[in-house]
Structure formats: C-alpha cells, structure tokens
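*Asks:* Below: sequence and its predicted model.
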Amino acid sequence: MAIREIFLDGDPILTQPCRKVVVFDDRLRELVDDIKQTLDATKHAVGLAAPQVGILKRIAVVNLSGTQHVLINPEIIQQTGRQRQEEGCLSFPYEYGVTIRPKHIVVQAQNSEGSSIEITGKNFDACVLCHEIDHLNGILFQSRFEPKYTSRFNFREVREYGP
C-alpha cells in the first residue's frame, strides 16, 4: 500500500473518461487500498476517484456518514429532488463553489471482489457520490457551479494578496 500523488488542476487526466474495470484481482485490490490510504491521509476529504491519482479506471472511494465505501464501475440508477451544496475538490485545493445536485440518489456498483452493491445517498452524501462519479466521467465540479450563488472565490488569492 502507498499514498499516491493527487493530480491537480490543469492535468489533462482529470477531464478524461475512465475505462470500466473488468478484471478483479490482487492488482485491483492493491490499487483500491492505495486510493483508500491516500484519501485517509488527507484527513478532511470525503471522496477520491482513480483519475485523481492518475489511473483512468472507474474506481472511487467515498466516506458516507462515517462509513467508507469502494465503488467500482458505479452508475447512478435513480435520482430525485434538488439541493444546493458547497463543494470543494482535492484536485482543486483552493477552489470552492455552489452546485445543484440531486437530493437523493441510488448508485449501483461493484466492490473490490466484483460483487454487485447498491448505495443510497441523501443530502450531502448524494453530493459526494455525484462528485466522484463525475470524476470518472471526466467532468469537473466547476462545470456544475451555480453562477448565481458562486463567486468562484479562489482561496489561493487570499494567501497571495490577503492581509
């Protein structure tokens, strides 16, 4: 197991769609363990997708309501409602914005062994699931920003030009 480098803003891998996982073996489980360890090392993040560590495979790890889930080949199969949430991203550490996401979603995926699983997310957890699945589709969270509620305030500017 290893903590991997998180790819940052501007890296083209972040905008590429990921390939479906078809082989469930020890190499996959090692990659999943690396993603888990990398996410845990951040101490504050709630999700990390494989492209954020340079791997174009449909794998994400999310912490939902205190429980960590591995999602391989996840697909949203149901979504209802709408909510505004403030979002940030490990690959864009100084940028935050308000998005509109579903209030309730159901995701079908596979675990590290290839077994089918279903995860339900409500409120913030729904937002986390959508955010990570967007990463797997090459969609960045900024494309979901609501201009009416988001100034696209960049916290790097505060450090560089602030008091």
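*Replies:* Sure thing, it's come through.
*Asks:* tell me the SS of the residue nearest to the spatial centre of the chain?
*Replies:* Centroid check for the chain by C-alpha atoms, centre = their mean gives residue 132 as the closest residue, at 2.5 Å. With DSSP: H, G, I helix; E, B strand; the rest coil as the basis, residue 132 sits in helix.
*Asks:* I'd like to know which elements the longest helix seen in the chain is packed against.
*Replies:* Using DSSP state H, we find that the single longest helix of the chain is helix 26-42. Packing contacts for helix 26-42, counted by 3 or more C-beta pairs under 8 Å, 6 or more residues apart in numbering; DSSP states H and E, involve strand 47-49, strand 59-64, strand 67-80. (Glycine included, C-beta is placed from N, CA and C.)
*Asks:* what lines up beside the first one in the sheet?
*Replies:* Paired neighbours of strand 47-49 in the sheet (DSSP bridges): strand 59-64 (antiparallel).
*Asks:* Report the distance from the partner strand to the chain centre.
*Replies:* How far strand 59-64 lies from its chain's middle: 7 Å, per C-alpha atoms, centre = their mean, to the nearest Å.
*Asks:* circling back: quick one: mean pLDDT over the longest helix of the chain.
*Replies:* Across helix 26-42, pLDDT averages out at 97.
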